[in-house]
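# here's a sequence, model it:
(one chain, ligands or ions: 1)
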Amino acid sequence: MNVSSDLSGVISSGMCIGCGACEMADSSVKVSLSPNRLIYEPESAGSAAAASVCPAVSVDYEGLQNYLFPGAEIGPFGVVRSVHLSQSTNNGRNMKASSGGLIKELLRHLLSSNQIDGVIALDHVDGIEFAARLVSSADDVDTLPGSIYHNLKQTPALELLRDTPGRLAVVAIPCQLEGLYAWVKQMAPELREKITITIGLLCGWQYSHHSINAMGEYLGYNPEDIADISYRGGGPVGKLTVTTRDEKVFTASRRVDFGYQVAFDRHFNTSRCHVCINHSNFLADLVVGDAWLPSTVFTKTGISLVVCRTEFAEAALQSLVDSGNCVSIQVGEDEIRESQTERVVFGEFAYAYAAFLREIGLHTPELHGPNEGFGTLKPRRQVTKFHRELVRKQALMAARRYKYMKVRKATLELRGYIMRYVRWFMVRILRVKSLSGQRKEISRDRFSGFS
Ligand SMILES: Cc1cc2nc3c(=O)[nH]c(=O)nc-3n(C[C@H](O)[C@H](O)[C@H](O)COP(=O)(O)OP(=O)(O)OC[C@H]3O[C@@H](n4cnc5c(N)ncnc54)[C@H](O)[C@@H]3O)c2cc1C
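Residues are numbered from 1 along each chain as shown. You can find the predicted model right below:
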């Protein structure tokens, strides 16, 4: 059977990302949490209509970019009008946020200046459940969470878009917008004009709920008892913080806690993240991510990397600067590459891994973005080794052998683990690329007003 005639390939491969577009396109499809993989996926294969909007089947990046940004030039980072490093000047908001607090500042500004009537953004529901809700006042914006890294069912965002009248801003990760726009373009084109702006997150990956369960074993909480969870806040990197219903709080440093490195290593990602080439969020009007640059390591609160793809997005950012709600400096596209690494922005691993999966006959989404051909594909040896490891670790996760996975990381995987820190130290702290003349860092003087 042709993979695009229904969702059977998506189900067998575990490539669903939970965007919910299939549920909107085909009412027979229900997306729910799979008990083994602990990701959201369709319970049944549905129809060709469901497959036609599914980002785990294919994404028409060129068609969607032309639909969203007609006439704009498309480069390896998508449509780029300008790139900025920005930070909210409200210290409290910035400290609570994941990077520079830019998203909350933008949403507050757009609502209070009456440029939009509402925001569709992710909010906490209960336990580890998060879902999109409608926010219609600037004061309500600060109640939204920071980045949520575990896999979620994103259908509520699509339902809100369908059912809410007025001018809307939508906050979303890249694969969520792929599903949203595939569905809107093909099946609900009248919704396009409601979207005044999309604010996208840069996104390297999301995690299956195995990560949360594994951390439960390492830190000593029962996942069933979780009342709330957050991953960021309190500085540029932040801590994983789990609060249980009896008000106990469990935390782990996202940079140094060994258990966190085990439970949140890339083998715990949802499978489609391994072939995702859309880290830069090609379909969002304004994209926000972390500025992981040697020139920004001084920050105690976090700085955002912001990509504006439309004039409206640029004007919104400029208004924040003019009103003193944010500080911002314009930089070049090279800062996107340096901050996020070529591996992810050019899909160096993802394109190579997708080619490998196709060759061995497994379901592989057709994802060919504007960045294809710009990076150096990772060698076959590395991809094959990764696949072997992934299959092994997914089996260990399904068997809930999280403790053994920790031992494995401390022994078999120790070299790779240490090398990651060495690389980080060389590039970000020692600035080897600047020392060797490969790049020029942004001077500290340009960051006046940043904290
Ligand atoms: C799964 C995921 C992976 C990411 N990967 C990277 C990366 O590799 N590199 C990088 O530079 N940045 C990444 N980011 C983005 C980064 O973590 C920050 O979210 C971003 O810099 C915005 O920070 P802020 O301070 O402006 O926003 P905040 O004030 O922290 O606001 C976050 C906003 O995002 C919304 N949101 C949070 N989680 C989700 C979600 N899962 N789905 C949809 N909306 C959500 C919230 O509703 C809120 O409006 C990722 C974010 C997510 C959610």
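
# quick one: secondary structure of residue 328?
strand (DSSP: H, G, I helix; E, B strand; the rest coil).

# quick check: bridge partners of it?
For residue 328, the beta-bridge partners under DSSP bridges are residue 86.

# ok, which stretches of the stretch 251-400 of the chain are helices?
For the stretch 251-400 of the chain, applying DSSP state H, counting those that start in this stretch gives helices covering 258-263, 311-322, 334-340, 342-345, 348-359, 380-398.

# of these, which approaches residue 414 most closely?
The closest of the helices of the stretch 251-400 of the chain to residue 414 is helix 258-263. By C-beta to C-beta, the value is 10.7 Å. C-beta: built from backbone N, CA, C; applies to glycine.

# next up, the contacts around residue 29.
7, 22-23, 42-44, 46, 50 (C-beta atoms under 8 Å, 6 or more residues apart in numbering).

# from the residues you listed, which land in strands?
Among the contacts of residue 29, the members falling in strands (DSSP state E) are residue 42.

# which one (most neighbours) among the contacts of residue 29?
Counting neighbours by other C-beta atoms under 10 Å, residue 22 leads those with 33 neighbours.

# dihedrals phi and psi, residue 177?
Per-residue torsions, residue 177: phi -70, psi -30 (degrees, to the nearest 10).

# what about it, how many neighbours?
Neighbourhood size, residue 177 [other C-beta under 10 Å]: 28.

# same deal with the one 4 residues further on?
When counting by other C-beta under 10 Å, one arrives at 27 neighbours for residue 181.

# how near is it to residue 191?
Look at residue 181 and residue 191: by C-beta to C-beta, to the nearest Å, they are 10 Å apart.

# try residue 433
Per C-beta to C-beta, residue 433 is found 44 Å from residue 191.

# rewinding a little: so which of the helices of the stretch 251-400 of the chain gets nearest residue 439?
Of all the helices of the stretch 251-400 of the chain, the one in closest proximity to residue 439, counting by C-beta to C-beta, is helix 334-340 (6.6 Å).

# look up phi and psi at the residue in the stretch 101-250 of the chain that the ligand sits nearest to.
Residue of the stretch 101-250 of the chain nearest the ligand, by C-beta to the nearest ligand atom: residue 204 (2.7 Å). Per-residue torsions, residue 204: phi -90, psi -30 (degrees, to the nearest 10).

# ok, the closest residue to residue 37 other than its chain neighbours - contacts?
Among residues not flanking residue 37 along the chain, residue 14 sits closest, at 5.2 Å (C-beta to C-beta, 6 or more residues apart in numbering). Counting by C-beta under 8 Å, 6+ apart, residue 14 makes contact with 34, 37, 39, 41, 270-271.

# what residues does the stretch 1-150 of the chain put near the ligand?
Contact residues, the stretch 1-150 of the chain versus the ligand (C-beta under 6 Å from any ligand atom): 97-104, 121-122, 144-149.

# touching, residue 323 and residue 108? I think so.
No. In this structure, residue 323 is not within contact of residue 108 by C-beta atoms under 8 Å, at 10.4 Å.

# of these two, who's got more company?
Neighbour comparison, residue 323 and residue 108: the larger count goes to residue 108, with 23 against 12 (by other C-beta under 10 Å).

# any idea which helix or strand comes after the helix or strand where the more buried one lies?
Assessed by DSSP states H and E, residue 108 sits inside helix 102-112. Using DSSP H and E, the helix or strand that follows helix 102-112 towards the C-terminus is strand 118-126.

# can you give the strand pairings for that following strand, parallel or anti for each?
When pairing is defined by DSSP bridges, strand 118-126 lines up against strand 129-135 (antiparallel), strand 168-172 (parallel).

# hey, what's the residue in the stretch 301-450 of the chain that the ligand sits nearest to bridged with?
At 5.0 Å from the ligand, residue 304 is the closest residue in the stretch 301-450 of the chain, using C-beta to the nearest ligand atom. Going by DSSP bridges, residue 304 is paired in beta bridges with residue 86, residue 290.

# my guess is it contacts residue 286. True?
No. Residue 304 lies out of contact with residue 286 (C-beta under 8 Å); the separation is 10.5 Å.

# count the neighbours of residue 255 for me.
As a burial measure, residue 255 scores 13 neighbours (other C-beta under 10 Å).

# show the pLDDT at it.
On pLDDT, residue 255 comes in at 83.

# what does residue 2 give?
41.
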